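1. Sequence and predicted structure are below.
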Amino acid sequence: MHPNLITMSVSKKEFKKVTTHVLQEMKRRGEKIAMLTAYDYTLAGLIDKAGIDVILVGDSASNVMAGHETTLPITLDQMIYHASSVIRAIDRALVVVDLPFGSYQGNSKEALNSAIRIMKESGAHAVKLEGGQEIKESIIRILSAGIPVMGHLGLTPQSIYKYGTYSVRATEKEEAERLLEDAKILETIGCFAIVLEKIPAKLAAQVAKEVSIPIIGIGAGNGVDGQVLVLHDMLGLNTDFSPRFLRRYLNLGDQIKTAVGQYISDVKSLDFPNEKEQY
Ligand code: KIV
């Protein structure tokens, strides 16, 4: 049977709060997981009320919130600030926070300290780290402190200077085999889910089939257990970024520019405020 048919035949069970166990149960039942990024109180509250399963406080905040070209400059303190704003807004979603570049690659003790700071100072529910075999010790140490870890393989933006481009990863056999091996390592050591970014759909579907933990794709096709997009991209707030995998659900950027243009003209023409809009 086609995977979509399985999903459609499963009746959606409503969970009061989404936990890592709920996600594993969703994979088991064939119900797809919907994940989006958020970095602030207002938008996090809206997407939580809309019923999103997982909110990722991604280090993409470095791009969309701070205007940096890469995710490398964002700091642990800045991630904690974004994460605590998100946490104050949510009732239902599981909130996962990216460990930023430089806060975990050096050694496992530093990785643990960074993860503990995120959990303690923001109230987040889990952390995400980019990489496989090479950061295994860090992940094991974080897990041993009782902190749930989401993995991230494929295109890993924190390594952009190693690869030099944001193009599709694991198109060659050797890299595809290494990715599958890394996914199995992450599953074995105890990660609760893995993000697969920008890899061939066929490979992503194979990973989702061969590992028992949920696989969340971005640019990885629909044979996986869930999808994630950057909120600002799917709302059309950020129009300079148009990869093939991105579906825009709104053109909020254009709507905001039109609304602000109208406000400017109302102020200049003395139309705003009118008699009812003053004391
Ligand atoms: O930082 C981020 O937004 C991410 C997603 C692209 C998965 O890691």
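-> Now that the structure is in, tell me what you want to look at.
2. Count the residues that sit near Gly223.
-> When neighbours are defined as other Cβ atoms under 10 Å, Gly223 has 18 of them. Backbone N, C-alpha and C define where each C-beta goes, glycine included.
3. Where does it sit: helix, strand or coil?
-> Put simply, Gly223 is coil when judged by DSSP: H, G, I helix; E, B strand; the rest coil.
4. Could you list which residues are in contact with it?
-> Applying Cβ atoms under 8 Å, 6 or more residues apart in numbering, one finds that Gly223 lies in contact with Pro3, Ala201, Lys202, Ala204, Ala205, Ala208, Lys209.
5. Just give the number of residues close to the second one.
-> This means Ala201. Number of residues near Ala201 (other Cβ under 10 Å) recorded here: 15.
6. What separation is there between it and Gln227?
-> 12 Å (Cβ to Cβ, to the nearest Å).
7. rewinding a little: okay, the contacts of Gly223 in CSV with secondary structure next?
-> Formatted as CSV, these follow (three-state DSSP):
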residue, secondary structure
Pro3, helix
Ala201, helix
Lys202, helix
Ala204, helix
Ala205, helix
Ala208, helix
Lys209, helix
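8. Most neighbours among those residues, please name it.
-> Of all the contacts of Gly223, Ala204 has the most neighbours under the rule other Cβ under 10 Å, reaching 29 neighbours.
9. Which residue is the nearest non-sequential neighbour of that one?
-> Ala220 (3.7 Å; Cβ to Cβ, 6 or more residues apart in numbering).
10. Do I have it right that that neighbour meets Lys198?
-> Yes. Contact status for Ala220 versus Lys198: in contact at 7.0 Å, counting by Cβ atoms under 8 Å.
11. Tell me which of these two has more neighbours.
-> Each of Ala220 and Lys198 has its neighbours counted (other Cβ under 10 Å); Ala220 has more, 31 against 21.
12. Which neighbouring residues are in contact with the residue in the stretch 1-150 of the chain that the ligand sits nearest to, exactly?
-> Among the residues of the stretch 1-150 of the chain, Gly58 lies closest to the ligand, at 2.4 Å counting by Cβ to the nearest ligand atom. Gly58 sits next to Thr37, Tyr39, Asp98, Lys128, Val230 when contact means Cβ under 8 Å, 6+ apart.
13. Now with 10 Å, please.
-> In this structure, Gly58 makes contact with 35-39, 64-65, 71, 74, 79, 82, 96-98, 128, 152, 157, 195, 228, 230-231, judged by Cβ atoms under 10 Å, 6 or more residues apart in numbering.
14. got it, and Thr239?
-> Counting by Cβ under 10 Å, 6+ apart, Thr239 makes contact with His232, Asp233, Arg248, Asn251, Leu252, Gly253, Asp254.
15. Looking at those residues, which are in helices?
-> Helix and strand membership here follows DSSP state H; of the contacts of Thr239, those in helices are His232, Asp233, Leu252, Gly253, Asp254.
16. Filter the residues you listed down to the buried ones.
-> Among these, those buried by neighbour count (16 or more other Cβ atoms under 10 Å) are His232, Asp233, Leu252, Gly253.
17. Could you export those as TSV, including distance to the ligand and pLDDT?
-> Output for these, formatted as TSV (distance: Cβ to the nearest ligand atom, whole Å; pLDDT from 0 to 100):
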residue	distance to the ligand	pLDDT
His232	10	98
Asp233	9	97
Leu252	18	97
Gly253	18	97
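18. out of the contacts of Gly223, which one sits closest to the ligand?
-> Proximity to the ligand was ranked across the contacts of Gly223 by Cβ to the nearest ligand atom; first place goes to Ala204, at 13.3 Å.
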